[in-house]
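Chemist: Okay, predicted coordinates and the sequence, questions at the end:
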Amino acid sequence: MSTPHIVWFRQDLRVSDQAALAAAAAAGPVIPVYILDDAAPEHWRMGAASRWWLHHSLASLSKALEKYGGTLLLLKGDAVATLKNLMAATGATTVHALEHFEPWAQRQQAALGGALTLHQGLSLAHPTAMRTGSGTSFKVFTPFWRALQMHMPPSLPKPPPKKLHMFPDVPAGDSLYRWKLLPENPDWATPIKEHWSPGSAGAHAQLNAFVDHAENYSDARNTPSVKGTSKLSPHLHFGEISPAEVWHGVPSVEPYLRQLGWRDFSCNLLLASPDFADVNWKSNFDSFPWVDDKAGLKAWQYGTTGYPIVDAGMRELYATGWMHNRIRMITASFLIKDLMIDWRAGEAWFWDTLVDASLGNNAAGWQWVAGSGADASPYYRIFNPVSQGEKFDANGIYVRRWVPELAKLPNAHIHAPWLAPKNVLDYAGVELGKTYPKPIVNHDTARLRALAAYKSLKAA
DNA sequence: TTTTGAGTTGTTCGA
DNA sequence: GTCGAACAACTCAAA
């Protein structure tokens, strides 16, 4: 019997276009393993929504491997030690894995040294291939995107191995259910379940559904009430589908491919600045006068700010584990600029509640809105939650879906119920402060306060 | 080394 | 209602 090759699955839970699996399968008998590992610092351990997704994704991967004659071994503990033990117990000398870019993943990869063979498949292009003319990493998206396109299209996706030869003598693993990744008492995942089907099959179904309307992406992507976006983000995050499979699977719609480019860009930023998720990329923001507003944070989290478009978004997030991208910007702008709460509080909430929570993407989004990021939004760009609602949810469909207590308000007042005449509110059964909150801040004054704070930063 | 052009996603104000 | 200007200054990337 030849020595086995370990395939270490992480956020690459697929069998097709999976270079680590392919290399191991070609080399000899395999041991596919997933290790539940709390290597990340406490506050970056996988969030609750992600854990729900992980459970189902692992179940799906396990099934997929069985189709090819493989079995997924589930282990728990420090990944480096666990892999070393597994190698010692089985005589394996090589671990195959796709390269990951989170700081703790980088540390683990370094610790495994020569025992680890890294393959590519998380990004469209390897970050070290993405360099400016002077050899530095990119800090601005547009030139990055131009450079990335020089490397595109990515290689065609590889089919799964025809057959896996499992190494017969594998130690016993855990059972997935014993990891208790699923919520109990209460089982808040019921509505999430209705919106998603984790796993590669679900990912490809989602891709096919998107392909049918991808041509409308440019227009429809900003309308949160319609299916305009791809909704592939969680599938991509868990690697149930590779970015190359997506690139080759969708029509060549530039604005969409550009979004894929953003995934790569975030990955580059994180690799270049390992503390990107924790500290202001622009250090002058360290003196920003954030407000410690626990009540405001809570109102934001649970969708009771009194601004319908913000509340709708936050409720969509809490119910489904996902939020439309346009609404992510609006809600983030509201937390940062209207409430002046530190962007990291919003980042942490998104981390816990998003099924697509990715360290680099999440941090890049928040730092961009805050203005502390590499390629940041200008400080005076403060979203007006009413005009954003009127512009992108003109007929109030999105708000009515997630804030049903406002459902009977006419379009003219759906985004600013506090401005509606009393008889209109009465007719709609809305009593502000009772059935729906009054606005927790006045946007006009909040805007001026934020502008002043940003100005003070500049002076400092 | 210096210069030049550009930088995801907006809003308000006043003519 | 529509339109252009102002809202800053700085850093990045490439020539």
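Modeler: Perfect, thanks for sending it.
Chemist: what does chain A put close to DNA strand C?
Modeler: By Cβ under 7 Å from any atom of the strand, the residues of chain A that approach DNA strand C are A:132-134, A:136, A:138-140, A:143-144, A:146-147, A:374, A:378-380, A:455, A:458. All C-beta atoms are positioned from the backbone trio N, CA, C, and that covers glycine.
Chemist: Pull the contacting residues for residue A:299.
Modeler: By Cβ atoms under 8 Å, 6 or more residues apart in numbering, residue A:299 lies in contact with A:305-306, A:437, A:440.
Chemist: Out of those, grab the one that's most surrounded.
Modeler: Of all those, residue A:305 has the most neighbours under the rule other Cβ atoms under 10 Å, reaching 25 neighbours.
Chemist: Contacts only, for that one.
Modeler: By Cβ under 8 Å, 6+ apart, the contact set of residue A:305 is A:299, A:311, A:314, A:334, A:437, A:439-441.
Chemist: Let's see that with 10 Å instead.
Modeler: A:296, A:299, A:311, A:314, A:331, A:334-335, A:338-339, A:385, A:437-441 (Cβ atoms under 10 Å, 6 or more residues apart in numbering).
Chemist: Could you identify the buried members of the residues you listed?
Modeler: A:296, A:299, A:311, A:314, A:331, A:334-335, A:338-339, A:385, A:437, A:439-441 (16 or more other Cβ atoms under 10 Å).
Chemist: Let me have the residues you listed in JSON lines, extended by pLDDT.
Modeler: As requested, the buried ones among the contacts of residue A:305 are exported to JSON lines (pLDDT from 0 to 100):
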{"residue": "A:296", "pLDDT": "98"}
{"residue": "A:299", "pLDDT": "98"}
{"residue": "A:311", "pLDDT": "98"}
{"residue": "A:314", "pLDDT": "98"}
{"residue": "A:331", "pLDDT": "98"}
{"residue": "A:334", "pLDDT": "97"}
{"residue": "A:335", "pLDDT": "98"}
{"residue": "A:338", "pLDDT": "97"}
{"residue": "A:339", "pLDDT": "98"}
{"residue": "A:385", "pLDDT": "97"}
{"residue": "A:437", "pLDDT": "98"}
{"residue": "A:439", "pLDDT": "98"}
{"residue": "A:440", "pLDDT": "98"}
{"residue": "A:441", "pLDDT": "97"}
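Chemist: out of those residues, which are inside helices?
Modeler: With helices identified by DSSP state H, the entries of the buried ones among the contacts of residue A:305 that belong to them are A:296, A:299, A:311, A:314, A:331, A:385.
Chemist: Near DNA strand B, which residues of the stretch 301-450 of chain A? Just list them.
Modeler: Within the stretch 301-450 of chain A, the positions near DNA strand B by Cβ under 7 Å from any atom of the strand are A:325-326, A:329, A:364-365, A:368, A:375, A:377-378, A:380-384, A:387-388, A:391, A:443-444, A:447.
Chemist: 10 Å instead, please
Modeler: Counting by Cβ under 10 Å from any atom of the strand, the stretch 301-450 of chain A comes close to DNA strand B at A:325-326, A:328-330, A:332-333, A:337, A:361, A:364-365, A:368-369, A:373-392, A:443-444, A:447-448.
Chemist: Of those residues, which belong to helices?
Modeler: Mapping these onto helices (DSSP H) picks out A:325-326, A:328-330, A:332-333, A:361, A:364-365, A:368-369, A:385-392, A:443-444, A:447-448.
Chemist: how many neighbours does the closest residue to DNA strand C within the stretch 151-300 of chain A have?
Modeler: Closest residue of the stretch 151-300 of chain A to DNA strand C, Cβ to the nearest atom of the strand: residue A:282 (7.7 Å). Using other Cβ under 10 Å, residue A:282 has 16 other residues around it.
Chemist: surely residue A:32 meets residue A:6?
Modeler: Yes: look at residue A:32 against residue A:6 with Cβ atoms under 10 Å: they come within range, at 7.9 Å.
Chemist: any shared contact partners between these two?
Modeler: Residues touching both residue A:32 and residue A:6 (Cβ under 10 Å, 6+ apart): A:20, A:24, A:73, A:96, A:167, A:170.
Chemist: which residue ranges form the strands in the stretch 51-200 of chain A?
Modeler: Taking DSSP state E, counting those that start in this stretch as the criterion, the stretch 51-200 of chain A carries its strands at A:73-76, A:94-98, A:116-119.
Chemist: and the closest residue to residue A:272 other than its chain neighbours, what is it in contact with?
Modeler: Of all residues not flanking residue A:272 in the chain, residue A:137 sits nearest, at 4.3 Å (Cβ to Cβ, 6 or more residues apart in numbering). Counting by Cβ under 10 Å, 6+ apart, residue A:137 touches A:127-128, A:130-131, A:144, A:265, A:268-269, A:271-273, A:374.
Chemist: Out of those, which end up buried?
Modeler: Neighbour-count burial (16+ other Cβ under 10 Å) applied to the contacts of residue A:137 gives A:127, A:130, A:144, A:265, A:268-269, A:271-273, A:374.
Chemist: hang on, the earlier thing: how about JSON lines for the strands of the stretch 51-200 of chain A, with mean pLDDT and mean neighbour count added?
Modeler: Shown next, in JSON lines, are the strands of the stretch 51-200 of chain A (pLDDT from 0 to 100; neighbours: other Cβ atoms under 10 Å):
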{"stretch": "strand A:73-76", "mean pLDDT": "98", "mean neighbour count": "19"}
{"stretch": "strand A:94-98", "mean pLDDT": "98", "mean neighbour count": "23"}
{"stretch": "strand A:116-119", "mean pLDDT": "98", "mean neighbour count": "18"}
